[in-house]
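Student: quick one, structure for this:
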Amino acid sequence: AQGASDALARAHRNEGVMVVGIDGLPSKGGGLEAVREKRISASCIYPTRGDLLLELAHNILEKKAFERENRLPAALVTPENATLFYMQGIELRRQYQRLETLSKSVEEKVAQYNNQKILLVLLIVIFLLVVSGGVIMLRYSRLKHRLAEEATNAKLRFFTNVSHEFRTPLTLIADPIDRLKESDRLEGRDKQLMEVAHRNVKILLHLVNEILDLRKVQNGAMKPQWVRFDCVPYLRLWMTGFKSWAERINVQLVLEAPESYEMTADLTKVEHILYNLLSNALKFTPEGGTITIALRTFHAGAELSVTDTGEGIAEEKLPHIFDRFFQAADNASGGTGVGLAIVKAYAEAQGGTVYVTSHPGEGSCFTVFLPVRDVEAPTVPESALPLEAEVRDLAEVYRVGESGGMDDKLLV
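Tutor: From the prediction side, this is the model:
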């Protein structure tokens with residue numbers, strides 16, 4: 001229409017001629033602008049209805065019924081209403097741009113939502129995997145613990161059965177050996193061999209009794225036999241049994257204790273506690289080392305410790321050191337792995353505790369705390385101890401006060 005109007009103007013034939021367009025688009029250079037600028041007389045405006053066109057084409061292709069004539073509503077744009085249509089077009093374009101902006105914002109929000117949903121699903125999956133892994137590890141840990149407990153119980157049953165079988169023959173062997181050892185008929189090498197036999201029978205009996213006692217502790221059948229006694233003379237006595245062993249490996253035994261300390265405890269169990277701790281220290285203390293047995297007293301009870309200058313215990317093994325059949329040393333030490341478990345069981349049976357501190361290469365310190373017991377208990381008379389001459393073979397004995405400080409050295 002604009003081309004026709006321009007052609008008529010160039011031919012000077014536009015007087016009295018009305019040029020009407022058929023597409024009053026509001027865009028720049030469109031029919032609406034041409035009418036406003038009076039380049040053409042008028043233009044028709046109507047909706048494009050592209051959806052109706054597509055529906056009609058679809059019906060034709062699908063051979064469905066369709067209307068041959070489809071009338072669209074139209075309006076005539078003249079110079080009088082062109083400005084109004086133009087303003088409406090600008091507003092429509094602005095609204096369209098706003099809708100585009102909102103559409104993009106919605107798309108971004110939807111994309112963000114989808115990403116968050118994917119992230120949430122991934123987090124849920126990870127959480128479920130972690131929970132599943134935790135459940136599996138818990139079940140595995142329980143299974144491992146149960147299998148270890150079953151293995152320990154199987155070991156304990158086996159050792160208990162063997163110990164029961166050994167106990168009677170060992171007792172029958174020990175009595176004749178004791179008699180022969182005290183006999184005056186043996187001299188020289190024969191007497192030395194009898195001493196070796198006597199010592200090893202005692203060791204075997206001690207191991208057998210330990211295993212049987214451990215079984216009693218597990219079954220809750222072991223009850224303390226409370227007595228009141230002076231602990232210090234017994235510590236000296238018990239240490240004499242290790243003198244020859246210590247001399248053989250050139251290890252010095254030192255006792256730090258007050259002059260006397262009366263306590264109420266199970267005398268036999270305290271002896272076994274010291275025996276196990278001291279024998280354990282001698283196994284791992286090198287030649288020229290020192291083992292210190294210390295008794296320190298407090299208002300709440302007494303603390304008995306055995307400190308060695310041996311190889312020490314690795315940090316990762318310390319939590320298991322009192323487990324049954326656990327052996328901290330990789331090399332064979334000649335033990336059954338029940339000695340420290342017995343120490344813990346005997347200490348706890350008397351209401352006490354036991355703990356260990358150790359640094360590799362610096363030695364270990366095992367400490368047993370026995371609380372004061374307010375129970376009725378018979379007193380062990382001093383006459384129950386061996387004669388003073390029988391225990392006068394320790395290298396050195398120290399006296400310490402309740403504060404733990406050393407007094408004068410006492411040679412015995």
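Student: and the residue lying closest to residue 41 once chain neighbours are set aside, how close does it get to residue 4?
Tutor: Distance criterion CB to CB, 6 or more residues apart in numbering; nearest residue to residue 41, sequence neighbours excluded, is residue 18 at 4.1 Å. All C-beta spots, glycine's among them, are computed from the backbone N, C-alpha and C. According to CB to CB, to the nearest Å, residue 18 and residue 4 sit 11 Å apart.
Student: ok, those two, which is more surrounded?
Tutor: Neighbours were counted for residue 18 and for residue 4 using other CB atoms under 10 Å; residue 4 has more, 14 against 9.
Student: strands along the stretch 101-250 of the chain, start to end?
Tutor: When assigned using DSSP state E, counting those that start in this stretch, the strands of the stretch 101-250 of the chain occupy the ranges 226-230.
Student: low-confidence ranges, it, go.
Tutor: The stretch 101-250 of the chain contains residues with pLDDT under 70 at 156, 159-160, 163-164, 218-221.
Student: which parts of it are helices?
Tutor: Here the stretch 101-250 of the chain has its helices, by DSSP state H, counting those that start in this stretch, at 188-219, 231-240, 243-248.
Student: OK, contacts around residue 272?
Tutor: 210, 213, 342-343, 346 (CB atoms under 8 Å, 6 or more residues apart in numbering).
Student: and those, which is closest to residue 81?
Tutor: The nearest member of these to residue 81, counting by CB to CB, is residue 343 at 109.9 Å.
Student: give me the neighbour count for residue 318.
Tutor: Neighbour number of residue 318 under other CB under 10 Å is 15.
Student: now do it against residue 361, distance only.
Tutor: Taken as CB to CB, the span from residue 318 to residue 361 is 15 Å.
Student: re the thing from before, part of a helix, is the residue nearest to residue 41?
Tutor: No: the assignment for residue 18, made by DSSP: H, G, I helix; E, B strand; the rest coil, is coil rather than a helix.
Student: hang on, residue 303 packs against residue 295?
Tutor: Yes: Residue 303 lies in contact with residue 295 (CB atoms under 8 Å); the separation is 7.4 Å.
Student: residue 69: neighbouring residues, count only.
Tutor: Residue 69: 4 neighbours (other CB under 10 Å).
Student: check the one 10 residues further on too.
Tutor: Look at residue 79: counted by other CB under 10 Å, it has 13 neighbours.
Student: check contacts around residue 347.
Tutor: Residue 347 neighbours (CB under 8 Å, 6+ apart): 273, 353-354, 368-370.
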